[in-house]
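Asker: Model the following, please.
(2 chains)
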Protein chains: 2
Amino acid sequence: MVIPDIATRVWNHTFKLDPIVRSLLDTDFYKLLMLQMIWGEYRDRQVTFSLINRTKRVRLADEIDEEELRAQLDFARTLRIQKREMIWLAGNTFYGRRQIFNPDFLNWFSEFQLPDYDLHRVDGQFELHFHGPWTHTTMWEIPALSIINELRSRAALKKYGRFELDVLYARAKSRLWQKVERLRELPDLKISDFGSRRRHSFLWQRWCVEALKEGLGSAFIGTSNVLMAMEADLEAIGTNAHELPMVMAALSDTDEQLRSAPYRVLQDWQRYYGGNLLVVLPDAYGTSEFLRDAPDWVANWRGFRPDSAPPIEGGEAILDWWKAKGRDPREKLLIFSDAMDIDSIEETHRHFAGRVQMSFGWGTNLTNDFRGLSTHPTVDLSPISLVCKVTSVDGRPAVKLSDNPAKATGEPEDIERYRRVFGHAQYEAREAVV
Amino acid sequence: MVIPDIATRVWNHTFKLDPIVRSLLDTDFYKLLMLQMIWGEYRDRQVTFSLINRTKRVRLADEIDEEELRAQLDFARTLRIQKREMIWLAGNTFYGRRQIFNPDFLNWFSEFQLPDYDLHRVDGQFELHFHGPWTHTTMWEIPALSIINELRSRAALKKYGRFELDVLYARAKSRLWQKVERLRELPDLKISDFGSRRRHSFLWQRWCVEALKEGLGSAFIGTSNVLMAMEADLEAIGTNAHELPMVMAALSDTDEQLRSAPYRVLQDWQRYYGGNLLVVLPDAYGTSEFLRDAPDWVANWRGFRPDSAPPIEGGEAILDWWKAKGRDPREKLLIFSDAMDIDSIEETHRHFAGRVQMSFGWGTNLTNDFRGLSTHPTVDLSPISLVCKVTSVDGRPAVKLSDNPAKATGEPEDIERYRRVFGHAQYEAREAVV
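Answerer: Model (predicted):
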């Protein structure tokens, strides 16, 4: 006889809110690394992050109930770091290093609370901004995105019957395992989960992470999600993001300062971190422009994360640059993380095998690949291209160019100025699907 | 927080046996219909049922632990009909008729217990016989088969990891739902579950039944499994089986009696049942031979269940016969139940649409289609062709010829005599895969 737990059942049927983000550690590890540096160097900077939905055809504010969104965002604001989480952050080894977080920083972080948000509906979309100190607004990026993406899933799934739901997840599990079986064939693969922000749901990301842990063994090197790394005893993976050069650039008064911003931020970074954390994200204002002007010491870093160039062309450009700088690429690392999926992982892995060290950050196509799986005829579960980006710094506009013109952010006149200073993006626009 | 039920967990980790058959109603409905007639007419006949594994390459006694098999068979012998089960049998409507079971019969059945069994290992196979009164041995057929089939699944799945198991069932669910989506396209489909005996497991059959209930709606007309019909409030489906003509034939002293056995058993049947339960199973000694010699009154019956001829040829032969007897096939019913799966269902449905009423009994390929789905490289989960047949009656040998020579049972010299009396099977041997 199955004896249901009565309290659980009553709770299920009377509950007020099923929170999407239940821990401040349910975020990407690089946010914490960056936060320590921001707190150390730029704690007085006022930085606005804003939601940007690149998939315009999806009218988010029609799909998602505004009150539900507010309830989730409000719940996330009630979170504080838990004692056991703090102990783990202080005591765990990250990237082979103990005490990567300074006790003063952790002490400050123990009181951390997400700041207020600014939400309006405009023409079927949400205008969502986070204003305040960079140390606070930066921490909204991942929870805001994962909340909106999961609310979107939940809204769609309300139309499903019990077995339609069961079969939907059965199909998604089958699809993921097919990818696992293909990934197992790649020798010396190193791959990690980068899928927190665009995940179908928290529980689904957790299933994916656990499945990769069992299915790929040591080829699965960890997850960007700090909470899941803690709970599943995996490595927390991540280094730094575009917000660093974007803030540096926005704070620049002269063209000369602007041009040097991407390198100055690396100098900041290497005062805080070393070893495998010295990974360059070169594409904020164009990878070829970055390489053209990069000082020699950048070639001492451990590797690059090409994030918006086509992986093979982007990777080759970096290999050429290392060689030109007299470095052996076989001692260097490339981390591929832009919209990767099984085909592009296989192709890239095959292409660079033996020529450079590689790892893959697998995001949306790991944790939200429900395309075509819907068992309900009117429901489309394809992911959308949703980001949360720096839009202003101390009242100045922020700009990103990227290697893919479709991923540029900022006002047209500001983009124009940046293009004049850095040069033009070399790659053709590719639709930002995820 | 997930609060596990502590008692459940301790129970799970200390339990002695996970019984496969937990109710005497976990059997096929036709066994109860036949049992009432056997009890009424033939209660003193001693009939032996025996396990026959037609898939010789599978060495059952190497795959399944004999002690586990004994423990399951012993557990099944402890079962008695439950009070609520008895009330349901007495109070439910079957095939549109109230009180289909006589109170005296139910009173007798309320004390029913499965008889002893005779089990030996011989050359990697199990010799499993059930000796005793027909009223008792007949009831072993379905539990014996479902126990052995599920023990085989369990043995195979012991090699699986946690996520391999999860993905295995995910794949099976995806596959079944694909079939559901195709079946939905067939107009006026009528289909039922006939998969108890060869099911992968009890829980999987139940999932399949519930999924068809939600996925097919009224096209899913019910299940042969009495317990599942009761629990899911579905129609219990089934009429009669080969054991009836086989016992009648074995009891025949002269060739003339032997030749008339298949019709005498129908005369018995129609004293007990009417309406949609008047379904002829014509193939025990060859369908064409049956039709050739059948008295006119057989054409008054509601329909036929061709069970070993190829469905289209077998069905056409029956349509021709009805027409020759001056009956309109559009008022008659064909029930297709031999190794049907989505392709043959579609083909048969298309072929006969508008020409005859049809329904499909979907067995092994519904409840045990794990072919090629294994996530574990060394495990094959394909079903096998396992039956439990009458082998002797009051000490005389029992024989089945069937339309498919591969499905004949009995000693060679006895088969020879039956072939001489009835004629030769008209169809070519087709491997009995399931």
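Asker: neighbours of A:Leu251, just the number please.
Answerer: Applying other C-beta atoms under 10 Å in any protein chain shown, we find 17 residues neighbouring A:Leu251. For glycine as for every other residue, the C-beta is placed from the backbone atoms N, C-alpha and C.
Asker: where does it land on pLDDT?
Answerer: The model reports A:Leu251 with a pLDDT of 97.
Asker: doesn't A:Arg396 make contact with it?
Answerer: Yes: taking C-beta atoms under 8 Å as the definition, A:Leu251 is a contact partner of A:Arg396 at 7.1 Å.
Asker: so which residue of the stretch 1-150 of chain A comes closest to chain B?
Answerer: Relative to chain B, the nearest point of the stretch 1-150 of chain A is A:Asp5 (5.2 Å; C-beta to the nearest C-beta).
Asker: quick one: average confidence on stretch A:389-397?
Answerer: 97.
Asker: Check stretch A:195-210 too.
Answerer: 97.
Asker: end-to-end on that stretch?
Answerer: One end of stretch A:195-210 to the other measures 13 Å (C-alpha to C-alpha, to the nearest Å).
Asker: And for stretch A:123-136?
Answerer: So stretch A:123-136: terminal residues 28 Å apart, C-alpha to C-alpha.
Asker: and what of stretch A:219-231?
Answerer: From its first residue to its last, stretch A:219-231 covers 19 Å (C-alpha to C-alpha).
Asker: Could you pull up the mean pLDDT of that stretch?
Answerer: Stretch A:219-231 comes out at a mean pLDDT of 98.
Asker: Show me what that stretch is in contact with.
Answerer: With contacts defined as C-beta atoms under 8 Å, 6 or more residues apart in numbering or on different chains, stretch A:219-231 is touched by A:23, A:25-30, A:32, A:85, A:88, A:92, A:183-184, A:186, A:188-196, A:205-206, A:209, A:212-213, A:232, A:234-238, A:359, A:361.
Asker: Tell me who's in contact with the residue lying closest to A:Leu366 once chain neighbours are set aside.
Answerer: Nearest residue to A:Leu366, sequence neighbours excluded (C-beta to C-beta, 6 or more residues apart in numbering or on different chains): A:Gly195, at 4.6 Å. Residues in contact with A:Gly195, defined by C-beta under 8 Å, 6+ apart, are A:Gln205, A:Cys208, A:Ser224, A:Trp362, A:Gly363, A:Thr364, A:Leu366, A:Thr367, A:Asn368.
Asker: repeat for A:Pro311
Answerer: A:Phe336, A:Asp338, A:Met340, A:Ser344, A:Glu347, A:Thr348.
Asker: Apply 6 Å and report the result again.
Answerer: A:Phe336, A:Thr348 (C-beta atoms under 6 Å, 6 or more residues apart in numbering or on different chains).
Asker: Over to A:Ile52?
Answerer: So A:Ile52 contacts A:Val387, A:Lys389 (C-beta under 6 Å, 6+ apart).
Asker: again with A:Asp44
Answerer: Applying C-beta under 6 Å, 6+ apart to A:Asp44 gives no contacts.
Asker: can you pull up the bridge partners for the nearest residue to A:Val247 once chain neighbours are set aside?
Answerer: Nearest residue to A:Val247 in three dimensions, chain neighbours excluded: A:Val393, at 5.1 Å (C-beta to C-beta, 6+ apart). For A:Val393, the beta-bridge partners are A:Val47, A:Arg396 (DSSP bridges).
Asker: Enumerate the residues of chain A near chain B.
Answerer: A:Asp5, A:Gly161, A:Phe163, A:Val167, A:Ala170, A:Arg171, A:Lys173, A:Ser174, A:Trp177, A:Ala211, A:Glu214 (C-beta under 6 Å from any C-beta of the partner chain).
Asker: Make CSV out of the residues you listed and add neighbour count and secondary structure.
Answerer: Formatted as CSV, those follow (neighbours: other C-beta atoms under 10 Å in any protein chain shown; DSSP: H, G, I helix; E, B strand; the rest coil):
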residue, neighbour count, secondary structure
A:Asp5, 14, coil
A:Gly161, 12, coil
A:Phe163, 21, helix
A:Val167, 27, helix
A:Ala170, 24, helix
A:Arg171, 22, helix
A:Lys173, 23, helix
A:Ser174, 21, helix
A:Trp177, 20, helix
A:Ala211, 22, helix
A:Glu214, 15, helix
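Asker: got those as JSON lines, with distance to B:Asn107 columns?
Answerer: As requested, these are arranged in JSON lines below (distance: C-beta to C-beta, whole Å):
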{"residue": "A:Asp5", "distance to B:Asn107": "40"}
{"residue": "A:Gly161", "distance to B:Asn107": "42"}
{"residue": "A:Phe163", "distance to B:Asn107": "40"}
{"residue": "A:Val167", "distance to B:Asn107": "44"}
{"residue": "A:Ala170", "distance to B:Asn107": "45"}
{"residue": "A:Arg171", "distance to B:Asn107": "50"}
{"residue": "A:Lys173", "distance to B:Asn107": "50"}
{"residue": "A:Ser174", "distance to B:Asn107": "50"}
{"residue": "A:Trp177", "distance to B:Asn107": "53"}
{"residue": "A:Ala211", "distance to B:Asn107": "54"}
{"residue": "A:Glu214", "distance to B:Asn107": "54"}
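Asker: A:Ala261 is in what secondary structure piece?
Answerer: A:Ala261 belongs to helix A:255-272 when assigned by DSSP states H and E.
Asker: Note down every partner strand of the next helix or strand after that helix and its orientation.
Answerer: Following helix A:255-272 in sequence order, the next helix or strand is strand A:279-280 (DSSP H and E). Paired with strand A:279-280 in the same sheet, following DSSP bridges, are strand A:303-304 (parallel).
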